[in-house]
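Student: Okay, sequence plus prediction incoming.
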Amino acid sequence: MNSHAIVLIVVMSVVTILLRFLPFWIFANRKTPDIIVYLGQVLPYAIMGMLVIFCLKNVSFMVVPFGIPEMIASLTVIILHVYKRNTLLSILGGTLVYMVLVQVIF
């Protein structure tokens, strides 16, 4: 590995660590502002909604297989999440179902 790559890795690591610890340093001795608390409550849902839209944006319902694998995988994620309340299990289960559908069936 050359020195340029090592410097890049070190700089990226330091920036990542600073971004992770900066809020704790800034708000260590004072109350967290209400806007930050609000964003912490609503952003995870907004991000998940954006990811769903991003994943399904190029699905064509007019061409074979008419979005069937995507819809079955999406339903799998929803059912697993309602049943088990485990995000990782839901994502892995939906991904597995989708890959089997695309690679084997459709």
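Tutor: Structure received. Just so it is clear, the model here is predicted, and its values are computed rather than measured. Residues are numbered from 1 along each chain as shown.

Student: And F54, how far from M12?
Tutor: In this view, F54 and M12 are 25 Å apart by Cβ to Cβ, to the nearest Å. Every C-beta, even on glycine, is put in place using the N, C-alpha and C of the backbone.

Student: One more: L22?
Tutor: Distance, L22 to M12, using Cβ to Cβ: 16 Å.

Student: Tell me, how many residues neighbour L101?
Tutor: L101: 17 surrounding residues under other Cβ atoms under 10 Å.

Student: where do the helices sit along the protein?
Tutor: 3-26, 34-56, 68-84, 87-100 (DSSP state H).

Student: For F106, which of these is the nearest?
Tutor: helix 68-84 (5.5 Å; Cβ to Cβ).

Student: could I have that closest one exported to CSV, CA atoms only?
Tutor: Only the C-alpha atoms of helix 68-84 are listed here, as CSV (Å, rounded to 0.1, in the frame of the first residue of the first chain):
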residue,chain,number,x,y,z
ILE,A,68,-44.0,-9.2,-8.9
PRO,A,69,-40.6,-10.1,-7.3
GLU,A,70,-40.3,-6.6,-5.8
MET,A,71,-43.8,-6.7,-4.4
ILE,A,72,-43.3,-10.2,-2.9
ALA,A,73,-40.0,-9.2,-1.4
SER,A,74,-41.6,-6.0,0.0
LEU,A,75,-44.5,-7.9,1.5
THR,A,76,-42.0,-10.3,3.0
VAL,A,77,-40.2,-7.4,4.7
ILE,A,78,-43.4,-6.0,6.0
ILE,A,79,-44.7,-9.3,7.3
LEU,A,80,-41.4,-10.2,9.0
HIS,A,81,-41.1,-6.8,10.6
VAL,A,82,-44.7,-6.9,11.9
TYR,A,83,-44.2,-10.5,13.2
LYS,A,84,-40.7,-10.3,14.7
